[in-house]
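1. the following comprises the amino acid sequence and a computationally predicted model.
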Amino acid sequence: MSASSAPSTFALKKPSLPSLSWTNLPSSSTFNIAAVSFPRRRNRASAPVFVVAVSSSNAKPTVLVAEKLGEAGISLLKEFANVDCSYNLSPEELCTKISLCDALIVRSGTKVTRDVFEASSGRLKVVGRAGVGIDNVDLAAATEHGCLVVNAPTANTVAAAEHGIALLAAMARNIAQADASVKAGKWQRSKYVGVSLVGKTLAVMGFGKVGSEVARRAKGLGMHVIAHDPYAPADRARAIGVELVSFDEAIATADFISLHMPLTAATSKVLNDETFAKMKKGVRIINVARGGVIDEEALVKALDAGIVAQAALDVFTVEPPPTDSKLVLHEQVTVTPHLGASTMEAQEGVAIEIAEAVVGALRGELAATAVNAPMVPAEVLTELKPFVELAEKLGRLAVQLIAGGSGVKSVKVTYASARAPDDLDTRLLRAMITKGLIEPISSVFVNLVNADFTAKQRGLRISEERILLDGSPESPLEFIQVQIANVESKFASAISESGEVKVEGKVKDGVPHLTKVGSFEVDVSLEGSLILCRQVDQPGMIGKVGSVLGEENVNVSFMSVGRIAPRKQAVMAIGVDEPPSKDALKKIGEIPAIEEFVYLKL
Ligand SMILES: NC(=O)c1ccc[n+]([C@@H]2O[C@H](COP(=O)([O-])OP(=O)(O)OC[C@H]3O[C@@H](n4cnc5c(N)ncnc54)[C@H](O)[C@@H]3O)[C@@H](O)[C@H]2O)c1
Ligand SMILES: O=C(O)[C@H](O)COP(=O)(O)O
């Protein structure tokens, strides 16, 4: 943002004439913010979408691909961006490179830490995780830096499930150990007698995409499948003949336990000394989720004690695991080097999925796989579009009405709608009001990803209220009102009866309109910029102001007067296409009946 941007607010109270006070508010036009865009949908018309806000410059963006990505994905990226494929970067090298990149694509091998976001100095707008697990990305830091994180959650599901089944079967029949033995010149047929799968109970821990595919396949092998997942709907499990059970029941009854939950604070080391002790003696464990869900030392002990007969592991707490890892070297353990997603088909699919998500996000489009932004369904977004504009403009107007020195701390937003509260998702509107409130007075970039965080960080409390109106629920909202408490206004008429700076607006024919300022009713479309004047209502006022602007070649787009009563005080709202000069504003202030006025940039 340029510190020398044109003054954007002019405020004057009649008694302070002629000492005109200008307040320099940074103009959003000096930074490229693609706030929220509503692009044409390619497909998945009703798929959930997420809102992104990106575009740091007009030049071609640069995408750093830090781990091997399928060719199809690289080609897609190259159509839109400069692509830098640099693999095996050290953390320091990554931090150095990142300041020149708009997007970063990684798999599970790169730690995208807070240091990376800090080193990017705000340029990094999207992190694409070419896969599912995002435990290698510091999501809190990404959100704080307004950086969108997208993943590719579907393309490797089948590959991971197939790998789980491959490990299950290989472990049960000692395939890896027997293979090594034959290659070592031995023929140990009695040593490698396995166990059968048919009729055995498999507990699937985490009944999401991979877990349910594993369950489906295990049923095909004749296994009895149960699952534990506190968040999975029972009917989805029932539909494939799987019973959802408690954690304790799952681990106590299973002959095989297959792990498919994400690594979170709740799942970290969920298999530990205590939980191994509750398992059936001779249980077999498969892990293609994340190493951290098992306490690896406890697993070694459980293997040695015979509680766990065998384990088959694709993932480890530290990857690669130490070469002297007791777990990896254990005779009863089969290991693979995090190969779950590594099929040709999955890698091609993941590369395309992530390249599309990253390019879309860089274009400011809606990303269907955002991880750190709230989900807003496509149809809701289309309907909310004009209200999103209204919300941002009301925020912008409200904050520009505040007198310099008044800290904005408490903002109340009221949404009036004939729709039931559950039918109105206000997260997007709140984010845009926050953007409108913060951006004119700071250099912070606000988007849907970081709006709530940014507001909190600045001590800005935004409370929301919904008013349920009678009438047709066709439109999602009748009006939005923004009130800022405990502040002084540079335009006294903007203060409501209850003492807050208040602006209210609605959408008419798809265009946002300002309909109330303080307690004055106005009606002016929110396009271009706005002059608000308080005057004594009398004939000729519109003409006088209009001719000052006309002389300056400033085009008036809209004008409306709201008054308390004829010949009493009135507020005139004038929409202008061009910013009036200081001189023109001074002349307006000098019109005798005008008591105060303010020029506001939208
Ligand atoms: N080894 C690999 O290469 C590979 C490949 C793909 C996925 N994965 C990993 O597999 C896991 C599952 O991936 P997915 O795509 O199925 O994810 P998903 O989000 O579709 O499913 C995860 C499921 O775990 C459930 N869950 C969350 N907390 C739980 C808890 N405390 N107990 C039980 N269940 C819980 C969730 O409700 C969800 O249904 C992830 O950890 C992912 O990173 C690994
Ligand atoms: O979470 C995932 O998608 C898998 O663990 C795959 O990770 P990878 O992309 O590093 O193979």
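-> Received the coordinates, thanks. Numbers count the residues shown, from 1 in each chain. Ligands and ions are numbered 1, 2, ... in the order given.

2. just the helices in the stretch 51-200 of the chain please.
-> Taking DSSP state H, counting those that start in this stretch as the criterion, the stretch 51-200 of the chain carries its helices at 71-78, 91-98, 114-119, 139-144, 157-172, 175-183.

3. enumerate the positions of the fourth one that are buried.
-> This points to helix 139-144. For helix 139-144, the neighbour count (16 or more other C-beta atoms under 10 Å) marks A141, A142, T143, E144 as buried. C-beta coordinates here come from the backbone N, C-alpha and C atoms, glycine included.

4. what is it packed up against?
-> Here helix 139-144 touches helix 114-119, strand 148-151, helix 451-457, going by 3 or more C-beta pairs under 8 Å, 6 or more residues apart in numbering; DSSP states H and E.

5. who touches it?
-> Residues from elsewhere that reach helix 139-144 (C-beta atoms under 8 Å, 6 or more residues apart in numbering): 112-114, 116-118, 127, 148-149, 371-372, 449-450, 453, 457.

6. closest one of these to N553?
-> N450 (40.2 Å; C-beta to C-beta).

7. that closest one - nearest residue in space that isn't next to it in sequence?
-> Nearest non-adjacent residue to N450, counting by C-beta to C-beta, 6 or more residues apart in numbering: G146, 3.9 Å away.

8. the one you found contacts F445, doesn't it?
-> Yes - assessed by C-beta atoms under 8 Å, G146 is found in contact with F445 at 5.3 Å.

9. helices of the stretch 201-350 of the chain, start to end?
-> 209-220, 234-239, 247-253, 273-277, 296-304, 326-329, 344-362.

10. mind exporting the C-alpha coordinates of the first one to CSV?
-> Which is helix 209-220. Only the C-alpha atoms of helix 209-220 are listed here, as CSV (Å, rounded to 0.1, in the frame of the first residue of the first chain):
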residue,chain,number,x,y,z
LYS,A,209,-12.9,-41.8,2.8
VAL,A,210,-10.1,-44.3,3.2
GLY,A,211,-11.6,-46.1,6.2
SER,A,212,-14.9,-46.8,4.4
GLU,A,213,-13.1,-48.0,1.3
VAL,A,214,-11.0,-50.4,3.4
ALA,A,215,-14.2,-51.6,5.1
ARG,A,216,-15.8,-52.3,1.7
ARG,A,217,-12.9,-54.3,0.5
ALA,A,218,-12.5,-56.2,3.8
LYS,A,219,-16.1,-57.2,3.6
GLY,A,220,-15.3,-58.6,0.2
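
11. that helix vs helix 157-172, what angle?
-> For helix 209-220 against helix 157-172, the angle by axes from the mean of the first three to the mean of the last three C-alpha atoms, to 10 degrees is 50 degrees.

12. may I see the buried residues of helix 209-220?
-> K209, V210, G211, S212, E213, V214, A215, R216, R217, A218.

13. where is pLDDT lowest across these?
-> Minimum pLDDT across those is recorded for K209, with 93.

14. excluding sequence neighbours, find me the nearest residue to that residue.
-> Using C-beta to C-beta, 6+ apart, the nearest residue to K209 is T157, at 4.4 Å.

15. next one: A237
-> Closest residue to A237 apart from its sequence neighbours, by C-beta to C-beta, 6+ apart: L244 at 4.8 Å.

16. could you give the residue of the protein that lies closest to ligand 1?
-> Closest approach between the chain and ligand 1, counting by C-beta to the nearest ligand atom: G208, at 1.7 Å.

17. tell me how many other residues crowd the residue nearest to that residue when sequence neighbours are not counted.
-> Using C-beta to C-beta, 6+ apart and skipping residues adjacent in sequence, the residue nearest G208 is H260, 6.4 Å away. H260 has 27 neighbours, counted by other C-beta atoms under 10 Å.

18. what do you get for the one 4 residues further on?
-> Around T264 there are 12 other residues, counting by other C-beta under 10 Å.

19. give me every residue in the stretch 301-450 of the chain lying close to ligand 2.
-> Within the stretch 301-450 of the chain, the positions adjacent to ligand 2 are H338, G340, A341, S342 by C-beta under 6 Å from any ligand atom.

20. give me that answer again for 8 Å
-> V315, H338, L339, G340, A341, S342, V350 (C-beta under 8 Å from any ligand atom).

21. any chance of TSV for those, columns pLDDT, distance to ligand 1 and neighbour count?
-> Formatted as TSV, these follow (pLDDT from 0 to 100; distance: C-beta to the nearest ligand atom, whole Å; neighbours: other C-beta atoms under 10 Å):
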residue	pLDDT	distance to ligand 1	neighbour count
V315	98	5	24
H338	98	6	20
L339	98	7	16
G340	98	2	27
A341	97	4	26
S342	97	7	17
V350	97	10	28
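
22. from the residues you listed, which single one is nearest C95?
-> H338 (24.2 Å).

23. so that closest one touches T317, yeah?
-> No - judged on C-beta under 8 Å, H338 makes no contact with T317 at a distance of 11.9 Å.

24. returning to that earlier point: I'd say the residue nearest to G208 and E213 touch.
-> No - checked against C-beta under 8 Å, the pair H260 and E213 is beyond contact range at 9.0 Å.

25. where does the stretch 1-150 of the chain dip in pLDDT?
-> Counting by pLDDT under 70, the stretch 1-150 of the chain has low-confidence residues at 1-58.

26. any idea which of the helices of the stretch 51-200 of the chain is most buried?
-> Of the helices of the stretch 51-200 of the chain, the one with the most neighbours on average (mean count of other C-beta atoms under 10 Å) is helix 157-172, at a mean of 22.

27. which of the helices or strands spans L530?
-> Using DSSP states H and E, L530 sits in strand 529-536.

28. buried stuff in the helix or strand just after that strand?
-> For strand 529-536, the following helix or strand on the C-terminal side (DSSP H and E) is helix 541-551. For helix 541-551, a neighbour-count test (16+ other C-beta under 10 Å) marks M541, K544, V545, V548, L549 as buried.

29. now helix 541-551 against strand 529-536, angle please.
-> On the basis of the same axes, to 10 degrees, helix 541-551 is oriented at 140 degrees to strand 529-536.

30. pLDDT of helix 541-551, averaged?
-> For helix 541-551, mean pLDDT is 86.

31. so what's the gap between it and the chain middle?
-> With C-alpha atoms, centre = their mean, to the nearest Å as the basis, helix 541-551 stands 46 Å off its chain's centre.

32. surely E356 meets S75?
-> No - with contact defined as C-beta under 8 Å, E356 does not count as touching S75 (11.8 Å).

33. okay, now L424: neighbour count?
-> Residues near L424, counting by other C-beta under 10 Å, number 17.

34. that older thread, between the helices of the stretch 51-200 of the chain, which one is nearest to F597?
-> helix 139-144 (39.2 Å).

35. so who does N553 touch?
-> By C-beta under 8 Å, 6+ apart, the residues touching N553 are E578.

36. also L526?
-> Counting by C-beta under 8 Å, 6+ apart, L526 touches E389, L390, K393, L397, G505, V511, P512, H513, L514, G575, L602.

37. okay, and the third one sits in which element?
-> Following DSSP H and E, the helix or strand that holds K393 is helix 378-400.

38. name the residues that touch the following helix or strand past that helix?
-> Counting by DSSP H and E, the next helix or strand C-terminal to helix 378-400 is strand 410-417. Applying C-beta under 8 Å, 6+ apart, the external contacts of strand 410-417 come out as 398, 424, 426, 429-430, 433, 437, 460-469, 473, 475-486, 500.

39. which ones among the residues you listed lie within helices?
-> When the contacts of strand 410-417 are checked against helices (DSSP state H), the matches are A398, L429, R430, I433, L437.

40. how far away is the third one from G133?
-> When distances are taken as C-beta to C-beta, to the nearest Å, R430 and G133 turn out to be 30 Å apart.

41. look at these two and report which has more neighbours.
-> Under the criterion of other C-beta under 10 Å, the comparison of R430 against G133 puts R430 first, with 22 against 18.

42. the more buried one against A451, yeah?
-> Yes - R430 lies in contact with A451 (C-beta under 8 Å); the separation is 7.0 Å.
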